[in-house]
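K.L.:
just to be clear, the model below is a prediction. Sequence and coordinates:
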Amino acid sequence: MNKGPSLYTEDSLNYLKYLEYTLGSLSIAGCLFVVVMFFCYKNLRSFPFESVVYLNLSSMMTSLSYLIYFVDDPGNVDIDYCRVQAFIMLAFENSQYLWTTMIGYSVYQSVINYEENHAKTTNLKRAKYLILCYGLPLLFSLTADRRKVFGPSSYWCWIDTSEKNANQEKTAFSVFFYLFFWLLIFINLIFVLFNH
């Protein structure tokens with residue numbers, strides 16, 4: 001079966017791989033630096049900075065997902081590695097977006113309702129944030145994995161975009177992901193506009 005001409009040469013694919021691994025490694029190192037600073041300096045241990053640490057943990061896991069697997073040949077994919085990469089990527093990318101939104105919401109609340117939001121953070125508030133920002137994306141990834149929508153998407157794995165495996169459910173998951181992403185950007189924009 002003729003796959004047609006490839007968009008990338010072997011040299012350009014190797015370059016993309018090295019670039020991806022280098023940038024992913026730098027991202028992980030930067031995220032680890034933030035986490036280590038949080039634990040080293042007691043005066044940083046407040047809920048706002050703790051939220052930044054949670055955001056960094058999500059970013060670190062997203063970067064790790066890019067390092068797990070690179071699809072050299074989309075026609076010959078190791079589906080187990082592919083599913084692991086896609087699961088981690090989808091869960092933690094969504095988690096990043098939610099943590100960013102929750103940090104924006106906290107800043108907004110601090111400006112609008114100064115007294116109430118400068119009280120000590122309760123474990124209940126912390127649990128709500130953790131469940132929303134880690135639990136919801138995890139549920140989304142578990143659902144996508146159970147529905148077998150993960151697969152090759154160009155040179156990494158995500159929601160399967162190959163024509164032979166395309167179906168309405170995979171399209172719906174892709175649309176939902178991007179709608180969710182743009183909704184959170186819009187919400188953050190509102191927080192920024194009302195904080196000035």
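P.N.:
Arrived safely.

K.L.:
and the lengthiest helix in the chain, what's buried?
P.N.:
Determined from DSSP state H, the single longest helix within the chain is helix 79-112. Neighbour-count burial for helix 79-112, counted by 16 or more other CB atoms under 10 Å, picks out 82-108. Bear in mind the C-beta positions are built from the backbone N, C-alpha and C, glycine included.

K.L.:
any idea which helix or strand comes after the lowest-mean-pLDDT helix or strand in the chain?
P.N.:
Of all helical and strand segments in the chain, the minimum by mean pLDDT, DSSP states H and E falls on helix 114-117, at a mean of 58. Beyond helix 114-117 in the direction of the C-terminus, DSSP states H and E gives the next helix or strand as helix 123-130.

K.L.:
what's the angle from that following helix to helix 79-112?
P.N.:
Relative orientation of helix 123-130 versus helix 79-112 (axes from the mean of the first three to the mean of the last three CA atoms, to 10 degrees): 130 degrees.

K.L.:
so where's this protein uncertain?
P.N.:
By pLDDT under 70, the weakly predicted segments of the chain are 1-8, 70-75, 113-121, 162-166, 195-196.

K.L.:
strands of that one, residue ranges please.
P.N.:
150-153, 156-159 (DSSP state E).

K.L.:
closest to Leu142 out of these?
P.N.:
With respect to Leu142, and counting by CB to CB, the nearest of those is strand 150-153 at 11.2 Å.

K.L.:
tell me the phi and psi of Lys148?
P.N.:
Main-chain torsions, Lys148, degrees, to the nearest 10: phi 60, psi 50.

K.L.:
mind checking how far it is from Phe173?
P.N.:
11 Å (CB to CB, to the nearest Å).

K.L.:
again, but for Asp145
P.N.:
With CB to CB as the criterion, Asp145 and Phe173 are 11 Å apart.

K.L.:
neighbour count: the two, which is higher?
P.N.:
Phe173 (20 against 16; other CB atoms under 10 Å).

K.L.:
would you agree that one is in contact with Val149?
P.N.:
Yes: counting by CB atoms under 8 Å, Phe173 touches Val149, with 5.0 Å between them.

K.L.:
intersection of neighbour lists for those two?
P.N.:
Counting by CB atoms under 8 Å, 6 or more residues apart in numbering, the contacts common to Phe173 and Val149 are Ile159.

K.L.:
what's the local residue count around the closest residue to Ile112 other than its chain neighbours?
P.N.:
What sits nearest to Ile112 in space, not counting adjacent residues and going by CB to CB, 6 or more residues apart in numbering, is Phe194, at 7.8 Å. Using other CB under 10 Å, the number of residues around Phe194 comes to 10.
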